[in-house]
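Trainee: below is the structure, and that's it, no one-letter string:
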């Protein structure tokens, strides 16, 4: 069974989807006149208020997960240091995608239908595509956004000798208490947790880089050299190695920031700022912070300080034995923020499918299933979740392509 699912997953996340996402991102980049370069000037002129920052934290929570740690290190282990460069490439063009997604979402969202479903149903006029996307989103929410994340932070907390059943019960209580409060409580929780753990994690990474600062030029040389196959070519290695470097980097980048999958527009549809362009500019910041900053720090840290590409090994040079609990707690908080952020995506999709009914029931079911990830073997669930997560991109990309003329720039330079 698992072999069959993995085969399907390889087709869903194959070169076809990667090509579609990257091509659409490139087209939007050109159409929007390289809007990515307007982010910093925009931030200077438009500092976020408290409510806007809450929305950004909630949306960033779905992207800032364990993929920023384990995802980056596995990408380097599989595709070499050059994979980091291609993560940057996917993030750069992904920023144009999330701008487009959120512009369309804010344009068509109403109280009864929000996010990706709104522009597929109202903008494109296809209720069928909206329903298909919503179904995929609900399954991805429960699996990838819930069970898989709890399983991940359960594994990290078990290193502290915490019983997995205690973790499961605690996870259920915490998830239900936060998600039952809706978007406002989810946003406030993410606003409380995410900045603290992000700053702490990045501070340790920077400290490691200061200690190993002499290795930074070589690390950057490896990233750029392996990205274009220069080292591989010099060593007589076939083009397959370069192909694996490119594909691994792009895939991991998409997994990390989720640009083009359709989750970001659902999260930003909860924002009180109704300006599509302003909200879309803020949504780009999440991809930038997630991949360009956090993932890059992780990558440089493990390349400069270790041979086994282990974050724990790198952190041990500056934190000693404290590196184990620090990393365990950090991964748990990152994963928890992902869980509650993904819940809002799933609830919004479920609400669309059910006509706004049974929200409390969905909250209970999600909390139970998500927390069960702490005690279950997750290989099959992980693969199924990965499939549904990838499937979300296909109806979303149809909407992005066919509604391209509705996406425009109106923000001040």
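Mentor: Perfect, thanks for sending it. Keep in mind the model is a prediction, meaning the values are calculated, not measured. Numbering: from 1, shown residues only.
Trainee: just the helices from the stretch 201-350 of the chain, written as ranges.
Mentor: 216-227, 230-234, 239-257, 263-268, 276-287, 296-305, 311-319, 323-354 (DSSP state H, counting those that start in this stretch).
Trainee: how about TSV for those helices, with mean pLDDT added?
Mentor: Compiled in TSV, those are given as follows (pLDDT from 0 to 100):
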stretch	mean pLDDT
helix 216-227	88
helix 230-234	49
helix 239-257	67
helix 263-268	85
helix 276-287	81
helix 296-305	92
helix 311-319	90
helix 323-354	90
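Trainee: which of the three states applies to the nearest residue to residue 121 once chain neighbours are set aside?
Mentor: Nearest residue to residue 121, sequence neighbours excluded (CB to CB, 6 or more residues apart in numbering): residue 130, at 4.0 Å. To be clear about C-beta, it is placed using only N, CA and C from the backbone, and glycine gets the same treatment. The assignment at residue 130 comes out as helix when based on DSSP: H, G, I helix; E, B strand; the rest coil.
Trainee: can you find the helix or strand in the chain with the smallest mean pLDDT?
Mentor: The helix or strand of the chain with the poorest confidence is helix 230-234; it has a mean of 49 (mean pLDDT, DSSP states H and E).
Trainee: and the end-to-end length of stretch 98-118?
Mentor: 15 Å (CA to CA, to the nearest Å).
Trainee: mind listing what's buried in it?
Mentor: 98-109, 113-118 (16 or more other CB atoms under 10 Å).
Trainee: from those residues, which land in helices?
Mentor: 98-108, 115-118 (DSSP state H).
Trainee: pick the one among those residues closest to residue 3.
Mentor: residue 116 (31.6 Å; CB to CB).
Trainee: near residue 366, how many other residues are there?
Mentor: Residue 366: 25 surrounding residues under other CB atoms under 10 Å.
Trainee: and it, what element?
Mentor: Take DSSP states H and E as the rule and residue 366 turns out to sit in helix 359-372.
Trainee: before we move on, what about residue 160?
Mentor: Short version, using DSSP H and E: residue 160 is in no helix or strand.
Trainee: surely it touches residue 328?
Mentor: Yes. Judged on CB atoms under 8 Å, residue 160 makes contact with residue 328 at a distance of 5.5 Å.
Trainee: when those two are compared, which one has more neighbours?
Mentor: The residue with more neighbours, out of residue 160 and residue 328, is residue 328; 19 against 12, by other CB under 10 Å.
Trainee: confidence score at the residue lying closest to that one once chain neighbours are set aside?
Mentor: Closest residue to residue 328 apart from its sequence neighbours, by CB to CB, 6+ apart: residue 156 at 4.3 Å. Residue 156 is assigned 74 on the pLDDT scale.
Trainee: against residue 223, how distant is the nearest residue to residue 313 once chain neighbours are set aside?
Mentor: Distances taken as CB to CB, 6+ apart place residue 306 nearest to residue 313, at 4.6 Å, with adjacent residues excluded. Residue 306 is 15 Å from residue 223, where distance means CB to CB, to the nearest Å.
Trainee: name the residue in the two with the higher neighbour count.
Mentor: Ranked by neighbour count (other CB under 10 Å), residue 306 and residue 223 place residue 223 first, with 24 against 19.
Trainee: quick check: the gap between the residue nearest to residue 328 and residue 93.
Mentor: 32 Å.
Trainee: so what touches the helix holding residue 366?
Mentor: 141-142, 145-147, 149-150, 168-169, 171-172, 175-176, 179-180, 339, 343, 346-347, 350-351, 354 (CB atoms under 8 Å, 6 or more residues apart in numbering).
Trainee: that one vs helix 323-354, what angle?
Mentor: Taking axes from the mean of the first three to the mean of the last three CA atoms, to 10 degrees, one finds that helix 359-372 is oriented at 150 degrees with respect to helix 323-354.
Trainee: after helix 359-372, which helix or strand is next?
Mentor: helix 379-391.
Trainee: near residue 52, how many other residues are there?
Mentor: For residue 52, using other CB under 10 Å, the count is 17.
Trainee: ugh, typo on my part, it should be residue 15
Mentor: Counted with other CB under 10 Å, residue 15 comes out at 11.
Trainee: likewise residue 402?
Mentor: 16.
Trainee: and it, how far from residue 12?
Mentor: 21 Å.
Trainee: circling back to that earlier point, buried by neighbour count, from the contacts of helix 359-372: which ones?
Mentor: 141-142, 145-147, 149-150, 168, 171-172, 175-176, 179, 339, 343, 346-347, 350-351.
Trainee: any idea how far stretch 2-13 is from the chain center?
Mentor: 21 Å (CA atoms, centre = their mean, to the nearest Å).
Trainee: and it, what's its mean pLDDT?
Mentor: 82.
Trainee: I'd say residue 249 and residue 83 touch.
Mentor: Yes. If you go by CB under 8 Å, residue 249 and residue 83 touch, sitting 3.6 Å apart.
Trainee: quick revisit: right, and the residue nearest to residue 313 touches residue 314 too?
Mentor: Yes. Residue 306 is within contact range of residue 314, at 5.1 Å (criterion: CB under 8 Å).
Trainee: are there helices or strands packed against the helix or strand where residue 148 lies, and which ones?
Mentor: Following DSSP H and E, the helix or strand that holds residue 148 is helix 148-158. Helix 148-158 sits against helix 164-179, helix 323-354, helix 359-372, helix 379-391, with contacts defined as 3 or more CB pairs under 8 Å, 6 or more residues apart in numbering; DSSP states H and E.
Trainee: now the angle between helix 323-354 and the shortest one, please.
Mentor: Per the same axes, to 10 degrees, the angle that helix 379-391 makes with helix 323-354 is 60 degrees.
Trainee: which element follows helix 379-391 toward the C-terminus?
Mentor: Next element after helix 379-391 (DSSP H and E): helix 393-402.
Trainee: residues making contact with that next one?
Mentor: Contacts for helix 393-402 (CB under 8 Å, 6+ apart): 17, 20-21, 24, 28, 97, 100-101, 104, 116, 119-120, 123-124, 129-130, 132-133, 136, 260-262.
Trainee: what's the separation between the closest residue to residue 332 other than its chain neighbours and residue 353?
Mentor: Counting by CB to CB, 6+ apart, residue 332 lies nearest to residue 153, which is 3.9 Å off, once chain neighbours are set aside. Distance, residue 153 to residue 353, by CB to CB: 29 Å.
Trainee: got the contact list for residue 171?
Mentor: Neighbour list for residue 171: 150, 154, 370, 371, 373, 374 [criterion: CB under 8 Å, 6+ apart].
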